[in-house]
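Peer 1: sequence first, predicted coordinates after that:
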Amino acid sequence: MNIEKIEIRKIFLPFIKPFTTSGWIENGNNSIIVRIDADGATGWGESPVGLKPFYCEETTGTAWSIMREVLIPILFNTKLSQTKNFDLPFSYIRGNRIAISGLEFAIWDLLGKLNNKSISQILGGTRKKVDVGVSIGIQENTNRLLDLIENYLDEGYKRIKMKIKPDWDIKPVREIRKKYGNILLQVDANSAYSLNDTEHLAELDEFKLLMIEQPLGYDDLYEHSQLQKKIKTPICLDESIVSPMHAKSAIEMKACKIINIKPSRVGGLAAAKKIHDIAEKKNIPVWCGGMLETGIGRAFNVALASLPNFRLPGDISASSRYFLKDIVKNPFELNEDGTLNVPDKPGNGAEVDEGFLEKITLEKETFKN
Ligand code: OSB
Ligand code: MG
């Protein structure tokens, strides 16, 4: 594959409502959109970073500089196969995985288009539709939360995930169970707790949650293994699984019973597939997390979720859950049965609305090979 041109853009696409976690607020998508032109085809990718290092170390600024100073020059100096999917020549780069993933996604999109295969097909996906849930940020009060849940259940979402923190956990969960009974329900703490909260977290056991996501440190495995011995709710790790090696270690030390895979968090689809395979062998279910992506990044998540060990509904909601208008002309829509269709067109299947993309672009830079 001969890369002719790479274009990167910082965008801002506002959310319908700000998204609040235990530690920070996101007002919109601040990702970097990547376009790679090669062999007469165009590939698109998205690095779904935030403006500040609140979810992980990376930001829009770090991803921007690592792309232009390090990753793009490496790509220009590498002979890429036109037919095989592969690990990109970034294995000796430490960290910066979300930045790497944006370029990796664009290469997968190109590979799909050049070989007339969807991303799901290249990955070995086995589903045409994937089950989806919705992730709900922290709300001002319980009534507001209950109303939101009612709306999402009416729309057809299959499971509810609510963000929690120490003063927003047991009580709202109890109210949800009281009002909505046995729905599929899980919580995500984004590292808001410590081992000192073990007894408090054990109070969640009675609610039969599907899981609690990342209760402890964003870079911790060991303390999660200690906590899991004391609580019944299955622990799911998100932030602290950044590579296949971390997945292996976490499973070995019983730090989690479930893994949330976000391809961007782990450096792209190749690493995500490896984690899927490792977990499958150990009978650890995985599900696809989200980073509030546009229709470009979302398409890769949905394709990944078509693999067989994605056994739980993903945080891959329809575009309308996030944006008034997406940057693709074919935004993801929720089917009545609470699923999204896995794209089956060559590449990622996203039809980028280039005029609208231009309007929401804050900065752009083009590199010629
Ligand atoms: O922890 O899963 C998370 C959004 C941004 C950063 C981290 C997380 C999230 C979400 C939303 O929970 C998932 C989505 O709907 O894209
Ligand atoms: Mg999470």
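Peer 2: Everything's here; your move. Numbers count the residues shown, from 1 in each chain. Ligands and ions are numbered 1, 2, ... in the order given.
Peer 1: what is the neighbour count of residue 17?
Peer 2: 12 (other Cβ atoms under 10 Å). All C-beta atoms are positioned from the backbone trio N, CA, C, and that covers glycine.
Peer 1: list the buried ones in stretch 220-227?
Peer 2: Neighbour-count burial for stretch 220-227, counted by 16 or more other Cβ atoms under 10 Å, picks out 220, 221, 223, 224, 225, 227.
Peer 1: pull the most distant pair out of those residues.
Peer 2: With distance counted by Cβ to Cβ, no two of the buried residues of stretch 220-227 lie farther apart than 221 and 227, which are 11.0 Å apart.
Peer 1: which residues in the stretch 201-350 of the chain form strands?
Peer 2: Here the stretch 201-350 of the chain has its strands, by DSSP state E, counting those that start in this stretch, at 212-213, 235-237, 258-261, 286-288, 339-341.
Peer 1: check the stretch 51-200 of the chain too.
Peer 2: Using DSSP E, counting those that start in this stretch, the strands found in the stretch 51-200 of the chain span residues 129-131, 134-136, 159-163, 184-188.
Peer 1: between the ones you listed, which gets nearest to ligand 2?
Peer 2: strand 184-188 (4.4 Å; Cβ to the ion).
Peer 1: name the residues of the stretch 51-200 of the chain found near ligand 2, please.
Peer 2: By Cβ under 5 Å from the ion, the part of the stretch 51-200 of the chain that sits against ligand 2 consists of residue 188.
Peer 1: ok, residue 98 - how many residues close by?
Peer 2: Applying other Cβ under 10 Å, we find 31 other residues in the vicinity of residue 98.
Peer 1: hmm, I typed the wrong one, I wanted residue 171.
Peer 2: Other residues lying near residue 171 total 10 when counted by other Cβ under 10 Å.
Peer 1: shift numbering so it begins at 514
Peer 2: Done: numbering now begins at 514, and the last item shifts to residue 684.
Peer 1: that one - nearest residue in space that isn't next to it in sequence?
Peer 2: Closest residue to residue 684 in three dimensions, ignoring its sequence neighbours and counting by Cβ to Cβ, 6 or more residues apart in numbering: residue 655, at 7.0 Å.
Peer 1: okay, whichever residue of the stretch 664-813 of the chain sits closest to ligand 2 and residue 762: tell me how far apart.
Peer 2: Of all residues in the stretch 664-813 of the chain, residue 751 sits closest to ligand 2, at 3.6 Å by Cβ to the ion. With distances defined as Cβ to Cβ, to the nearest Å, the gap from residue 751 to residue 762 amounts to 15 Å.
Peer 1: more neighbours: the two, which one.
Peer 2: In terms of neighbours (other Cβ under 10 Å), residue 751 is the more surrounded of residue 751 and residue 762; the figures are 21 against 16.
Peer 1: thought the more buried one was touching residue 701?
Peer 2: Yes. Taking contacts as Cβ atoms under 8 Å, residue 751 lies within contact range of residue 701: 7.2 Å.
Peer 1: tell me, what's touching the two both at once?
Peer 2: Both residue 751 and residue 701 are contacted by 726, 727, under the criterion Cβ atoms under 8 Å, 6 or more residues apart in numbering.
Peer 1: export the strands of the stretch 564-713 of the chain as CSV, with columns for mean pLDDT and mean neighbour count.
Peer 2: Conversion of these to CSV gives the following (pLDDT from 0 to 100; neighbours: other Cβ atoms under 10 Å):
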stretch, mean pLDDT, mean neighbour count
strand 642-644, 98, 21
strand 647-649, 98, 23
strand 672-676, 98, 23
strand 697-701, 98, 22
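Peer 1: could the strands of the stretch 714-863 of the chain go into TSV alongside mean pLDDT?
Peer 2: What follows is the strands of the stretch 714-863 of the chain, written out as TSV (pLDDT from 0 to 100):
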stretch	mean pLDDT
strand 725-726	98
strand 748-750	98
strand 771-774	98
strand 799-801	98
strand 852-854	98
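Peer 1: so residue 800 touches residue 774, yeah?
Peer 2: Yes. The pair residue 800 and residue 774 passes the contact test of Cβ under 8 Å, sitting 7.3 Å apart.
Peer 1: and for these two, which residues touch both?
Peer 2: Taking Cβ under 8 Å, 6+ apart as the criterion, residue 800 and residue 774 both touch residue 823.
Peer 1: okay, buried residues for stretch 543-552 please.
Peer 2: Judged by neighbour count using 16+ other Cβ under 10 Å, the buried positions of stretch 543-552 are 543, 544, 545, 546, 547, 548, 549, 550, 551.
Peer 1: my guess is residue 816 contacts residue 625. True?
Peer 2: No. When contacts are counted by Cβ under 8 Å, residue 816 is not listed as touching residue 625 (9.1 Å).
Peer 1: have a look at the two and say which one is more surrounded.
Peer 2: Neighbour comparison, residue 816 and residue 625: the larger count goes to residue 816, with 29 against 25 (by other Cβ under 10 Å).
Peer 1: got the strands of the stretch 564-713 of the chain as CSV, with distance to residue 712 columns?
Peer 2: Rendered in CSV, the data for the strands of the stretch 564-713 of the chain read as follows (distance: least, Cβ to Cβ, whole Å):
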stretch, distance to residue 712
strand 642-644, 34
strand 647-649, 26
strand 672-676, 21
strand 697-701, 17
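Peer 1: quick one: closest of those strands to ligand 1.
Peer 2: If you check each of the strands of the stretch 564-713 of the chain against ligand 1 by Cβ to the nearest ligand atom, strand 647-649 wins as the nearest, at 3.7 Å.
Peer 1: give me the helices and strands touching that closest one, please.
Peer 2: Under the contact definition 3 or more Cβ pairs under 8 Å, 6 or more residues apart in numbering; DSSP states H and E, strand 647-649 sits against helix 655-668, strand 672-676.
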